[in-house]
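J.: quick one, what's the 3D model for this:
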Amino acid sequence: MPIFDAGRNRARVRVTEVDRDLALASYERAIQVAFREVADALAERRATVEQLGERLAAQQALVEATSDSYRLSEARSRNGVDSYLAVLDSQRSLFSAEQGLIGVRLSRLASLATLYRVLGGGWAEPGRS
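T.: Predicted coordinates for the structure are as follows:
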């Protein structure tokens, strides 16, 4: 080191050490955030697996029941026992139940996607690097 640098080299070393410490703190913070996200996603997944399983089974049973009701309404309408309005009402109920089933399945898949993302799923969001 030059003798007459007026402490410039020592100051550069100190700045480099501070930059290193800042980068290390930032890295540690990123790791802590990642661990927290994974822990939160796992806890949410564990809590919702049972709930989603129950909801899925209940919604599937509802779809089957409304499907049977729709078929019966159609048969009654064909045989002149009921009006076609009852068929349309049963069909609307069936579609509503099917939409509910799709919603439960979507919730389940969204939960899986969140877990995959926080575990480092390997994809980048559009517009982000």
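
J.: please enumerate the helices of this structure.
T.: Here the chain has its helices, by DSSP state H, at 8-78, 84-118.

J.: okay, the ones you listed in TSV with mean pLDDT next?
T.: Formatted as TSV, the helices of the chain follow (pLDDT from 0 to 100):
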stretch	mean pLDDT
helix 8-78	89
helix 84-118	90
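
J.: save those as CSV, and put in mean neighbour count too.
T.: In this view, the C-beta of every residue, glycine as well, is placed from N, C-alpha and C. Output for the helices of the chain, formatted as CSV (neighbours: other C-beta atoms under 10 Å):
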stretch, mean neighbour count
helix 8-78, 13
helix 84-118, 15
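
J.: please name the nearest non-neighbouring residue to residue 114.
T.: Leaving aside its sequence neighbours, residue 114 sits nearest to residue 41 (C-beta to C-beta, 6 or more residues apart in numbering; 5.5 Å).

J.: check contacts around that neighbour.
T.: Neighbour list for residue 41: 114, 115, 118, 119 [criterion: C-beta atoms under 8 Å, 6 or more residues apart in numbering].

J.: 7 Å instead, please
T.: 114, 115, 118 (C-beta atoms under 7 Å, 6 or more residues apart in numbering).

J.: relative to residue 90, how far out is the most centrally placed residue in the chain?
T.: The C-alpha lying nearest the average C-alpha coordinate of the chain belongs to residue 110 (C-alpha atoms, centre = their mean; 2.9 Å). Noted for residue 110: a distance of 30 Å to residue 90, by C-beta to C-beta, to the nearest Å.
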